[in-house]
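Q: A predicted structure for the sequence below; I have some questions about it.
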Amino acid sequence: MSSAKPLVAVTMGDPAGIGAEVAVKGYPEASDFARVVVVGDADVVRRAVDVCDVSVEVVVVDEAELATVDDDPATLAVLDCDNVDEVAYGELRADYGAASLDYIERAIDLAIAGAVDAITTAPINKQATRMAGAEHAGHTGLLAERTGVENYSMMLIEDDLRVTHVSTHVPLREACDLVTTERVLDTIAVTHEALGELGVDEPRIAVAGLNPHAGDGGLLGDEDDAEIAPAVERARERGIDAVGPQSPDTVYVSAARGDFDCVVSMYHDQGHIPLKLLGFDATGGVSGVNMTIGLPIVRTSVDHGTAFDIAGEGVASETSMVDAIRVACEVARGRASATAR
């Protein structure tokens, strides 16, 4: 990466959702610290500009022109996949699912090739992508497959609270079976590495228990003692400042007040609920960033869904999109600095 602002490919997400809207609304602010190219459908982006009534001109670019994309807040570059015939806001459609997958795959290929410095993804609809034949439940599995990575995790960021996950989009019964020493250890290790990329010196990591009160000495389940505790001990042997298993009903409070830099969560809702509680405001706006860690490329995402119920109204909050682009730039710069050293 050059000394210029990082170039971030923003995937448009499901055409029927709010992805294009939050991209165009967030771009003027994001241009303060990033150069942005939207990977999507130019006509959908132009319609979002009209819907949101923002003073941004859409300019179509091709891959050969990516290096020339600048940070002019009045001009938004779009790499036009030209794969949407019409915009029907709020409709669940297989062709929209296929289109959103195209944006992701193209952005991943650009990042692998070094044509962009990072990816920030707008929300997809998992039902639509399933209808289109997707094998993965969301972005994360697709990212890992296309980059050839096995040890990865989802990190959610809301102000000073960060959480990562041993498992995400699987049924709860299956998630419990995935709490093994090796998986927990791998998640702790990739969390430690990601915190360093985020500029956290000497990260302090708390590891949540699986059962109430972290098993309460085996009275409430033996997974905490049999699987999680050995993983924490092995992480400490590697020099990682990790503690746990901690009681899951209090550990997030401790982390939110600054006692830890991240909490390793055992399953999707355990980690998502405290972040969502902090990230949603009384008006329905949402902040927070979703980051896939352990990848050879940088990928962040908004921490909300397609919001079909308000798509096309121009009222969706761009806060999470701006935050996600900002984090992507921070990590891209951190990796570039580490490479230079």
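A: Noted; the coordinates are in hand. Numbering: from 1, shown residues only.

Q: Outline the domain layout of this structure.
A: Annotated domains of the chain cover 1-149+295-341, 151-294 [automatic domain parsing].

Q: okay, those in a markdown table with mean neighbour count and mean pLDDT next?
A: Any C-beta I mention is one placed from the backbone N, CA and C, and that applies to glycine too. Listed next are the domains of the chain as a markdown table, based on neighbours: other CB atoms under 10 Å; pLDDT from 0 to 100:
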| stretch | mean neighbour count | mean pLDDT |
| --- | --- | --- |
| domain 1-149+295-341 | 20 | 93 |
| domain 151-294 | 19 | 91 |
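
Q: now Arg162: how far from Thr181?
A: Arg162 sits 23 Å away from Thr181, going by CB to CB, to the nearest Å.

Q: Please apply the same query to Leu198.
A: Taken as CB to CB, the span from Leu198 to Thr181 is 26 Å.

Q: Then Pro28?
A: Taking CB to CB, one finds Pro28 at 48 Å from Thr181.

Q: SS state for Cys176?
A: Classification of Cys176 using DSSP: H, G, I helix; E, B strand; the rest coil returns helix.

Q: Ignore what I typed, I meant His272.
A: Classified using three-state DSSP, His272 is helix.

Q: so what's it up against?
A: Leu156, Val163 (CB atoms under 8 Å, 6 or more residues apart in numbering).

Q: Distance-wise, check it relative to Ala4.
A: From His272 across to Ala4, the span is 35 Å (CB to CB).

Q: State the distance from Glu233 to Glu223.
A: Taken as CB to CB, the span from Glu233 to Glu223 is 15 Å.

Q: now the helix or strand containing Arg146, how far from the centre of its chain.
A: Secondary structure from DSSP states H and E places Arg146 in helix 139-147. The chain centre lies 12 Å from the centre of helix 139-147; the measure is CA atoms, centre = their mean, to the nearest Å.

Q: Just list what it packs against, helices and strands only.
A: Counting contacts by 3 or more CB pairs under 8 Å, 6 or more residues apart in numbering; DSSP states H and E, helix 139-147 packs against helix 94-112, strand 289-293, strand 299-302.

Q: So which elements touch the helix or strand following that helix?
A: Per DSSP H and E, helix 139-147 leads on to strand 153-158 as the next helix or strand towards the C-terminus. The elements that strand 153-158 packs onto, with contact taken as 3+ CB pairs under 8 Å, 6+ apart, are strand 161-165, helix 181-197, helix 268-279, strand 289-293.

Q: where does Val24 fall, helix, sheet strand or coil?
A: Val24 - assigned by three-state DSSP - is helix.

Q: actually Gly244, not the one I typed
A: Under three-state DSSP, Gly244 comes out as strand.

Q: ok, it - contacts?
A: Applying CB under 8 Å, 6+ apart, the residues near Gly244 are Ala206, Val207, Ala208, Gly209, Ala214, Ile228, Ala229, Val232, Val251, Val264.

Q: Widest-spaced pair of those?
A: For the contacts of Gly244, the maximum inter-member distance is 14.4 Å, found between Ala229 and Val251 (CB to CB).

Q: Ile205 and Ala255 touch, don't they?
A: No - the criterion here is CB atoms under 8 Å, and Ile205 misses it with Ala255 at 9.5 Å.

Q: ok, Thr300 - contacts?
A: 118-121, 289-292, 324-325, 327-328, 331.

Q: Of all the helix elements in the chain, which one is longest?
A: Assignment by DSSP state H gives helix 319-340 as the longest helix of the chain.

Q: so the spatially most central residue of the chain bridges to which residues?
A: Nearest to the mean C-alpha position of the chain, by CA atoms, centre = their mean, lies Asn290 at 2.8 Å. Beta bridges link Asn290 to Leu156, Ser301, judged by DSSP bridges.

Q: which residues sit in contact with it?
A: Asn290 sits next to Met154, Met155, Leu156, Ile157, Thr300, Ser301, Val302, Asp303, Ala324 when contact means CB under 8 Å, 6+ apart.

Q: Then Ala235?
A: Residues counted as contacts of Ala235 (CB under 8 Å, 6+ apart) are Leu185, Ile188, Ala189, His192, Ile205, Ala242.

Q: Could you check how far the residue lying closest to the second one once chain neighbours are set aside is from Gly244?
A: It refers to Ile188. Leaving aside its sequence neighbours, Ile188 sits nearest to Ala235 (CB to CB, 6 or more residues apart in numbering; 4.4 Å). Separation of Ala235 from Gly244 (CB to CB) stands at 9 Å.

Q: Likewise for Thr319?
A: Thr319 sits 32 Å away from Gly244, going by CB to CB.

Q: now Ser167
A: 16 Å.

Q: Please apply the same query to Val327.
A: On the measure of CB to CB, Val327 and Gly244 end up 25 Å apart.

Q: cool, Ala189 as well?
A: Relative to Gly244, and taking CB to CB, Ala189 is found at 14 Å.
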